[in-house]
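Novice: here is a sequence together with a model predicted from it:
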Amino acid sequence: MRLEELKQGLRIDGLIPNGVVTVVAVMQHGPDAVELYYKTGSGELGQVVVFRRDEGRLRIASTGSRPFDAPAPDFKLAAEAQRITLAGLSDPMAA
């Protein structure tokens, strides 16, 4: 992955040991370095300067996020159950 491809919101593997991070901000420092602000999966913020020589170890993460591939009827059923649960808080007869 090239330094020019780093942008906000991108999930990157290889920046920190055994972890996937989400890019919060990128600041260019010349043609061969960027300052990268990131957030870990546990919510910790960090900052690191990434150099051109580090490009080989960086890659877009393919894991670490929840896929949106469930069947639509299952989602509708869960959403309706949640609506019924919350309706009882304001009007017990609505539930």
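Specialist: Nice, thanks for sending it over. Numbers count the residues shown, from 1 in each chain.
Novice: who's in contact with L10?
Specialist: 22-23, 60 (Cβ atoms under 8 Å, 6 or more residues apart in numbering). For glycine as for every other residue, the C-beta is placed from the backbone atoms N, C-alpha and C.
Novice: quick one, phi psi at it?
Specialist: Recorded main-chain torsions at L10 are phi -70, psi 140, according to degrees, to the nearest 10.
Novice: for the one 3 residues further on, same thing?
Specialist: Geometry field for D13 lists phi and psi as phi -110, psi 140, criterion degrees, to the nearest 10.
Novice: thinking again about what came up before, export the contacts of L10 to JSON lines and tack on distance to P73, secondary structure and pLDDT?
Specialist: Supplementary listing: the contacts of L10 in JSON lines, determined by distance: Cβ to Cβ, whole Å; DSSP: H, G, I helix; E, B strand; the rest coil; pLDDT from 0 to 100:
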{"residue": "T22", "distance to P73": "31", "secondary structure": "strand", "pLDDT": "92"}
{"residue": "V23", "distance to P73": "35", "secondary structure": "strand", "pLDDT": "93"}
{"residue": "I60", "distance to P73": "32", "secondary structure": "strand", "pLDDT": "89"}
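Novice: among those, who's most crowded?
Specialist: Greatest neighbour count in the contacts of L10, by other Cβ atoms under 10 Å, goes to V23: 18 neighbours.
Novice: for beta bridges, what are the partners of that residue?
Specialist: For V23, the beta-bridge partners under DSSP bridges are Y38.
Novice: that one and D54, how far apart?
Specialist: 14 Å (Cβ to Cβ, to the nearest Å).
Novice: which residues in the chain form helices?
Specialist: In the chain, the helices defined using DSSP state H lie at 72-90.
Novice: pLDDT below threshold where in it?
Specialist: 63-68, 94-95 (pLDDT under 70).
Novice: rerun at 90
Specialist: Judged against pLDDT under 90, the low-scoring parts of the chain cover residues 1, 3, 9, 16-20, 40-43, 60-71, 84-95.
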